[in-house]
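> let me see the structure of the following:
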Amino acid sequence: MYMSIVESEQEIEKACDAFYGAYKSSLLSKEQQWQNAFEASRKSGMSLKSLVRAAALMKSNTKKDLEKDINRFLYVYFRNKPDELHDEIIEICKIAVKNEIYKEVDRIFD
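I've put the predicted structure just below:
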């Protein structure tokens, strides 16, 4: 079954909300860790250049860590959807959900 653009966007939003519901504490923990690291770095006189590199490294590592969780979550999420959903639509939704989650990670470290 093909979905309209609006239906696809609604499905993406539902999947993102479900992921955040399951992994909210993990993301909040990462955000708190970054804030603590940022404050400690500023107090110790770390250069801005070093701080930017640390943020980029933490962002990259967080995305790598989340990749497995996102894939596992989306597999289960879409496995429980009706069989009539076309594989192409599911793949588009998965990519969009990953992008939304990665935007949240970017927000934490930027």
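> mind listing what's buried along the longest helix along the chain?
If you go by DSSP state H, the chain has its longest helix at helix 5-43. Applying a neighbour-count criterion of 16 or more other CB atoms under 10 Å, one finds 11-12, 15-16, 19, 23, 27, 30-31, 34, 38, 41 buried in helix 5-43. In short, each C-beta sits where N, CA and C put it, glycine included.
> just send the residues you listed back as a markdown table, with pLDDT too.
Shown next, in a markdown table, are the buried residues of helix 5-43 (pLDDT from 0 to 100):
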| residue | pLDDT |
| --- | --- |
| Glu11 | 84 |
| Ile12 | 86 |
| Ala15 | 89 |
| Cys16 | 90 |
| Phe19 | 92 |
| Tyr23 | 91 |
| Leu27 | 90 |
| Lys30 | 90 |
| Glu31 | 91 |
| Trp34 | 89 |
| Phe38 | 87 |
| Ser41 | 86 |
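> could I get the residues you listed as CSV with distance to Glu104?
CSV is the format used below for the buried residues of helix 5-43 (distance: CB to CB, whole Å):
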residue, distance to Glu104
Glu11, 18
Ile12, 14
Ala15, 13
Cys16, 9
Phe19, 10
Tyr23, 10
Leu27, 7
Lys30, 10
Glu31, 9
Trp34, 13
Phe38, 17
Ser41, 22
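> which of these sits closest to Pro82?
Glu11 (11.3 Å; CB to CB).
> please name the nearest non-neighbouring residue to the closest one.
Nearest residue to Glu11, sequence neighbours excluded (CB to CB, 6 or more residues apart in numbering): Cys93, at 5.4 Å.
> show me the contacts for that neighbour.
8, 11-12, 15, 78 (CB atoms under 8 Å, 6 or more residues apart in numbering).
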